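Asker: Kindly generate the corresponding structure for this input.
(one chain, ligands or ions: 2)
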Amino acid sequence: MGILFTRMLSSLFGNREARILVLGLDNAGKTTILYRLQMGEVVSTIPTIGFNVETVQYNNIKLQVWDLGGQTSIRPYWRCYFPNTRAIIYVVDSSDTDRLVTAKDEFHAILEEEELKGAVVLVYANKQDLPGALDDAAVTESLELHKIKNRQWAIFKTSAIKGEGLFEGLDWLSNTLKSGG
Ligand code: G3D
Ligand code: MG
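Answerer: Ligands and ions are numbered 1, 2, ... in the order given. Below you'll find the model as predicted:
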């Protein structure tokens, strides 16, 4: 099903390169999601500059994943991955309430990046299958999503393990990008 999504986007962007970043704190479920989407082969780069990037590519569409948080010294290198980013998929462990403040801070810092100003934002409130997971309304509040200005965003409850909610989110994303983001 991930292939349908990328096929759609691929035709949408013609020959132009389109990047989608899948970001969030470590352990949020990003890698699980990438494999779950089954878009193609996931390639992991050797972390020469201090952070590991997983990439899956379908035609002109590239999904790239790395962990936010941690060392600040490597952050300038993140910018290499910003050009042509059409969307950010932000993944949150909804059961990890201790780190929601960090998740929020990292999220808003990313949104401040000049080259990401045009990207639409899809939030996955992941790990809904776990007891104590916050629902979408509570995650919206914790991440202060209502502070987002001048861009389209949406939040979906997901369980990457069960494969729930992921495609509903991608559906929103492709429709939003289709209508001009
Ligand atoms: P990351 O890539 O964001 O760091 P991972 O996160 O995809 O590696 O996932 C971290 C752990 O969370 C993994 O468990 C993974 O199986 C689990 N996980 C991911 N999504 C979900 C979910 O929706 N529900 C539950 N219950 N667990 C999830 P392990 O045990 O392999 O470390
Ligand atoms: Mg990972």
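
Asker: can we go C-alpha only for contacts and neighbour counts from here?
Answerer: Noted.

Asker: For the protein, just list every one of the strands.
Answerer: 18-25, 43-44, 54-58, 61-68, 85-93, 120-126, 153-157 (DSSP state E).

Asker: Any chance of CSV for these, columns mean pLDDT?
Answerer: Putting the strands of the chain into CSV (pLDDT from 0 to 100) gives the following:
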stretch, mean pLDDT
strand 18-25, 96
strand 43-44, 90
strand 54-58, 92
strand 61-68, 94
strand 85-93, 98
strand 120-126, 98
strand 153-157, 98
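
Asker: how about those in TSV, adding mean neighbour count?
Answerer: Output for these, formatted as TSV (neighbours: other CA atoms under 10 Å):
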stretch	mean neighbour count
strand 18-25	23
strand 43-44	12
strand 54-58	18
strand 61-68	21
strand 85-93	25
strand 120-126	26
strand 153-157	21
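
Asker: Need those strands in TSV (columns: distance to V101).
Answerer: As requested, the strands of the chain are exported to TSV (distance: least, CA to CA, whole Å):
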stretch	distance to V101
strand 18-25	11
strand 43-44	28
strand 54-58	25
strand 61-68	13
strand 85-93	11
strand 120-126	14
strand 153-157	17
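
Asker: Identify whichever of those lies nearest to ligand 1.
Answerer: strand 120-126 (5.1 Å; CA to the nearest ligand atom).

Asker: tell me the angle that closest one makes with strand 85-93.
Answerer: For strand 120-126 against strand 85-93, the angle by axes from the mean of the first three to the mean of the last three CA atoms, to 10 degrees is 20 degrees.

Asker: Many thanks, I have nothing further to ask.
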